[in-house]
Every structure is written in C-alpha cells, then in structure tokens.
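>>> Just to be clear, the model below is a prediction. Sequence and coordinates:
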Amino acid sequence: MEVIILKNSERCCLEAAKIAVKYLKDLDTPVFGLPTGSSPLGFYRQLIRMHQEEGLSFKGMTSYNLDEYVGIGTHHPASYCTFMENNFFKYIDADSKNLHLPNGMANDIVKECSDYEEMISNGGGIDLQLLGIGGNGHIAFNEPGSSLTSRTRVKTLTDKTRQDNSSAFESLDHVPMHVITMGVGTIMETRHIVVLAFGADKSEAVANMVEGPITSSCPASILQMHPRATIIIDEAASIDLARSDYYKWVYNNRPHWQRS
Ligand code: GLP
C-alpha cells in the first residue's frame, strides 16, 4: 500500500488524475472502474480540464461504475447514472457504448449482477479502479460485514449510508434500501486501485483501512492485501494514522523512476 498525504483535496485529485492520464496515454483501450460520491469530483474536474485544455482523449476508454441504486431509473436525478453523466461523461469524448453502470431497474436483478461481472471479466478486467471510502469503511456499497471475497450483488444499505447519501434525494424516505454493487472480491481483482479520501470525517475509516486489522468490519481494510493500492488523502484525513510521518518520508524520497 502506498499512502500519499497531500495538503488539500485539489492536490490529491490532481495526483490521481495524473495516474489516470498515464493509463489513458500508455494503453490503447484502458479500462477504468469509476466511483461516485463527493470525493472523486475534483478528479473528474481535472480530467475534464485536461480534455478541454490539453486535448486529452477518452476515445479508447471503457469504464465500469462501482454501483447503482435499485428501483430508480437511469434518468432519476439521484441515480449514479445521472451523476456520472452530469459530472464527467457529458464533458468528454468517450464512446457512450463503452460506459457501463449496473442497471438498478433490471427485471432480473440477480442476473443483472452476474451479467455485470461477466462483462467486466470478458472485457479483460479493470486496469485502474478509483475508489472513495464511506465513513464506516465501506467501499462501493460493500457495507461492514460484507464478505471480503464477494462478487457483484444486491446489498441492503445501512441507515448511516442512507443518511450520508440522502442529500441527493427529496428526503431520507426516498433513499432506496437496496443497491447493486461490485463485490469486494471484484474490486480486489482490479490491477491498480487508487483511493481518495478527504476531511476529518474520514480519518477513522482511513486509519482502519491502512493500519487496522483486516476485517469485514472495515471492508476497505482488505486493500492492504492488494498488490498495488495507492491511497491519496489530505492532511485532515490522515490525522488518525500512526505512521503518517513515515508515509510522507517515503513519498518525498521515492526513487526517480516512481515520480510522474
Ligand atoms: C457512496 C458510494 C461510495 C463512496 C461513498 C463515499 O456510498 N457508493 O462509492 O465512496 O459514498 O462518498 P463521499 O465521497 O461523498 O464521501
């Protein structure tokens, strides 16, 4: 696990965007796993800016989103489909047929989950997976207690997550109970994972993810077992880490070939 602590969220998002740019430039058909939430917004903004000002192209990109609510249509203002369209997809030159989200309105929701898994693996898997982290240590919608080898499936949200995500809905009562989410095992198969987390509200979850025991009580802690996980956080999110000085030391002294 590489932990990068930077002054603020803008610097973190730029760092993550530079990693994504490398994949976009080095691979003809890069495959990204994409998150929603407030944490990746600056990352998307950076990529949009690079597309508009520097000619960065997304034509070869395929993407798979992590999750979607069950029971609300793609055009619902709070759907993750709408989120991705409004915050990223409509600004870039990606081919829309290559941009995938689970369909929370599928008639056969169980089949939708296994089809989503199959589509990802038939496409050769995910090169770069971006992630946020929930205040309770969830990744995608894998709530605490999720199997650490789980695959794409339907999950029931905790009340805390429903409350955290309620601002996009008319009221808490309108937040769906159920979601489709890529599993922890699905996420662990991606080749490079970048986690973004900002603010003191995330500091405990970040410490559990990076330095806590590996446990389904903090699904993000399994990322300690991933061969290539890059955790990019701001100062506020780092305050509960016991080894933050060491992580900064490592970053400031990284070998020349690791610098972008
Ligand atoms: C939701 C999403 C997660 C995201 C989390 C944190 O639960 N399903 O993918 O990481 O929210 O969101 P935020 O970045 O807004 O704190």
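Good, I have the coordinates. Numbers count the residues shown, from 1 in each chain.
>>> Pick out the residue in the stretch 51-200 of the chain sitting closest to the ligand.
Residue nearest to the ligand within the stretch 51-200 of the chain: residue 132 (2.6 Å; Cβ to the nearest ligand atom). Using the backbone N, CA and C atoms, a C-beta is placed for each residue, glycine as well.
>>> Give me the nearest residue to that residue, chain neighbours excluded.
Leaving aside its sequence neighbours, residue 132 sits nearest to residue 39 (Cβ to Cβ, 6 or more residues apart in numbering; 3.8 Å).
>>> cool, and residue 88?
In space, residue 88 is closest to residue 44, 4.3 Å off (Cβ to Cβ, 6+ apart).
>>> what about the one you found, how many residues close to it?
When neighbours are defined as other Cβ atoms under 10 Å, residue 44 has 24 of them.
>>> Could you number the chain from 58 rather than 1 from now on?
Shifting the count to begin at 58 puts that one at residue 101.
>>> thought it was touching residue 142?
No: Residue 101 lies out of contact with residue 142 (Cβ atoms under 8 Å); the separation is 11.4 Å.
>>> what comes up buried for stretch 96-109?
96-105, 107-108 (16 or more other Cβ atoms under 10 Å).
>>> So which residues make contact with it?
Defining contact as Cβ atoms under 8 Å, 6 or more residues apart in numbering, one finds that stretch 96-109 is touched by 66-67, 69-71, 73-74, 77-78, 91, 113-115, 144-145, 148-150, 187, 189-190, 253-255.
>>> just stretch 72-81 next, same as before
Contacts of stretch 72-81 (Cβ under 8 Å, 6+ apart): 61, 63, 87, 89, 97, 100, 103-104, 107, 113-115, 117-118, 184-185, 187, 249, 251, 253, 287, 289, 317.
>>> now do 6 Å
For stretch 72-81, contacts defined as Cβ atoms under 6 Å, 6 or more residues apart in numbering pick out 87, 100, 103-104, 184-185, 251, 253, 289, 317.
>>> Tell me the buried residues in that stretch?
Applying 16+ other Cβ under 10 Å to stretch 72-81 flags 72-74, 76-78, 80-81 as buried.
>>> So which of these are in helices?
72-74, 76-78, 80-81 (DSSP state H).
>>> As JSON lines, these with distance to the ligand and pLDDT would be great.
Shown next, in JSON lines, are those (distance: Cβ to the nearest ligand atom, whole Å; pLDDT from 0 to 100):
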{"residue": "72", "distance to the ligand": "16", "pLDDT": "97"}
{"residue": "73", "distance to the ligand": "13", "pLDDT": "98"}
{"residue": "74", "distance to the ligand": "16", "pLDDT": "98"}
{"residue": "76", "distance to the ligand": "17", "pLDDT": "97"}
{"residue": "77", "distance to the ligand": "17", "pLDDT": "98"}
{"residue": "78", "distance to the ligand": "21", "pLDDT": "98"}
{"residue": "80", "distance to the ligand": "20", "pLDDT": "98"}
{"residue": "81", "distance to the ligand": "22", "pLDDT": "98"}
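>>> Show the subsequent helix or strand relative to the helix or strand of the chain with the lowest mean pLDDT.
Scoring the helices and strands of the chain by mean pLDDT, DSSP states H and E places helix 216-221 at the bottom, with a mean of 92. On the C-terminal side of helix 216-221, the closest following helix or strand by DSSP states H and E is strand 235-238.
>>> Cool, thanks, signing off.
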